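Visitor: no sequence for this one, just the structure:
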């Protein structure tokens, strides 16, 4: 249990620094998006948002869940410098090459197509090259951050990420002060430049961590960790793809293609608001959960049970606090943005928010199954719920959107229940849900305070 206490101490500090990073990063980005939405042409805002969404969608597709696949072999990888170096070259460096060449190939093939596309003017050799660099840099940054989080280097990565967003936002508004006209290129290039600089900083921290590893060679062959990563990676990648249809990085480009850029601009802003709620959970508990369960892969069952209960309790406390805040204040917040809306509009918007937000109940379970190389359980539950949602949409076309969304939420809850029962069977994990009444004072007071402010503002 001494090892568990050490892990809990590290995870607690990881949660603190991840929380700082998430709050600071999202606050700066959200303010920037609001100002940008109100100051530039809606079509340009939509084009920029859609371009970024397509890029991050490309990262998800081409990265093939590498950041999740690194969890299970991490303890083996850090047994020596040679092992770590071999893993880095065979996984992260090779993946960067795949990201670059994959984007070039997809971009050049797309340029030969004749179908009508909202960004057909952007599918030029120059933009394909820029997007290849963009996706390679952001994908590599995602993998480097995941590896550093597994090593509990959260303090350094938090400061780098906050500095990253400050540098990007500052460069955009400095151009505004210098009367440089905004265009898709001027909104994209600063992000790319800052991303490359961020990768250099992350590589420096990773090298410093690498220098602390023992030089003694492990008895295992160098190919062991690489084999484990890729054998488990197939299921993890399938899991990501099965959840992709619930992602805004898929929905926003689709909306832009079908409804036009002006409508997509409004959708992008609403998506930014909804993303604030989910961003914190994934940023805070996703990385911390991966690090915690990576450290317990070789531990006893009792240690794994205690680690899961510790993190899951904290995750659901934050989930319920955010849900309370948004539920109490959602009607006033929506009216603040779109004016007085009908009950149907408010209800539909709130259920749409729930459909996205409740995806976060899976975060701790998914990290546990990934670390224990049981990702096929997660994949099965997600595929079954996805199939159910597709059948619901196809067979219930006469039903209102509210009923369909509620049906999809019910199916996702069923998938979560299936995952929880699987965890119970595999590791005898109970879904405990006990909090002191005093722990709810702060969330309730803050939610009511926000309600009063928005009530008088409306």
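Guide: That came through, no problem. Quick caveat, the model's predicted, so the values are computed rather than measured.
Visitor: list the buried ones in stretch 291-309?
Guide: 291-297, 299, 303-308 (16 or more other Cβ atoms under 10 Å). The C-beta positions use only the backbone N, C-alpha and C, and glycine is treated the same way.
Visitor: strands of the stretch 101-250 of the chain, start to end?
Guide: Secondary structure of the stretch 101-250 of the chain (DSSP state E, counting those that start in this stretch): no strands present.
Visitor: give me the low-pLDDT residue ranges for it?
Guide: 110-123, 216-229, 231, 245-250 (pLDDT under 70).
Visitor: would you map the helices across it?
Guide: 125-150, 154-177, 184-211, 223-242, 248-259 (DSSP state H, counting those that start in this stretch).
Visitor: quick one on the thing from earlier: farthest-apart pair in the buried residues of stretch 291-309, please.
Guide: 291 and 305 (17.7 Å; Cβ to Cβ).
Visitor: center of the chain, which residue is that?
Guide: Nearest to the geometric centre of the chain sits residue 282, at 5.5 Å (Cα atoms, centre = their mean).
Visitor: residues contacting it?
Guide: Residue 282 makes contact with 360, 363, according to Cβ atoms under 8 Å, 6 or more residues apart in numbering.
Visitor: what about it, distance to residue 307?
Guide: 19 Å (Cβ to Cβ, to the nearest Å).
Visitor: one more: residue 436?
Guide: Counting by Cβ to Cβ, the gap from residue 436 to residue 307 is 21 Å.
Visitor: next one: residue 204
Guide: 31 Å.
Visitor: nearest spatial neighbour of residue 129, chain-adjacent residues omitted?
Guide: residue 104 (7.4 Å; Cβ to Cβ, 6 or more residues apart in numbering).
Visitor: wouldn't that neighbour be in contact with residue 132 here?
Guide: Yes - if you go by Cβ atoms under 8 Å, residue 104 and residue 132 touch, sitting 4.9 Å apart.
Visitor: the more surrounded of the two?
Guide: residue 132 (21 against 18; other Cβ atoms under 10 Å).
Visitor: list the contacts of the more buried one.
Guide: So residue 132 contacts 99, 100, 103, 104, 107 (Cβ under 8 Å, 6+ apart).
Visitor: can you classify the first one by secondary structure?
Guide: It stands for residue 99. helix (DSSP: H, G, I helix; E, B strand; the rest coil).
Visitor: count of residues packed around it?
Guide: By other Cβ under 10 Å, the burial measure for residue 99, its neighbour count, is 27.
Visitor: now swap in the last one and tell me
Guide: A total of 21 residues lie near residue 107 under the criterion other Cβ under 10 Å.
Visitor: excluding sequence neighbours, find me the nearest residue to it.
Guide: residue 128 (3.4 Å).
Visitor: contact partners for the one you found?
Guide: 103, 104, 107, 108, 111.
Visitor: from those, which is closest to residue 167?
Guide: residue 103 (23.8 Å).
Visitor: number of nearby residues for that closest one?
Guide: Neighbours of residue 103 (other Cβ under 10 Å): 25.
Visitor: now residue 26: how far from residue 165?
Guide: 9 Å.
Visitor: and what of residue 209?
Guide: 23 Å.
Visitor: between those two, which is the more surrounded one?
Guide: Shown here are residue 209 and residue 165; by other Cβ under 10 Å, residue 165 has more neighbours (20 against 17).
Visitor: surely the more buried one is in contact with residue 30?
Guide: No - taking Cβ under 8 Å as the definition, residue 165 is not a contact partner of residue 30, at 10.5 Å.
Visitor: phi, psi for residue 295 please.
Guide: The phi/psi pair for residue 295 (degrees, to the nearest 10) reads phi -80, psi -10.
Visitor: once you drop chain neighbours, what's closest to it?
Guide: residue 7 (5.0 Å).
Visitor: check which helix or strand covers that neighbour.
Guide: Secondary structure from DSSP states H and E places residue 7 in helix 2-39.
Visitor: what packs against the helix or strand just after that helix?
Guide: Proceeding N to C from helix 2-39, the next assigned helix or strand is helix 42-63, under DSSP H and E. Here helix 42-63 touches helix 2-39, helix 94-111, helix 125-150, helix 184-211, helix 248-259, helix 261-281, going by 3 or more Cβ pairs under 8 Å, 6 or more residues apart in numbering; DSSP states H and E.
Visitor: follow-up on the earlier one: measure the residue nearest to residue 129 to residue 52 for me?
Guide: Taking Cβ to Cβ, one finds residue 104 at 19 Å from residue 52.
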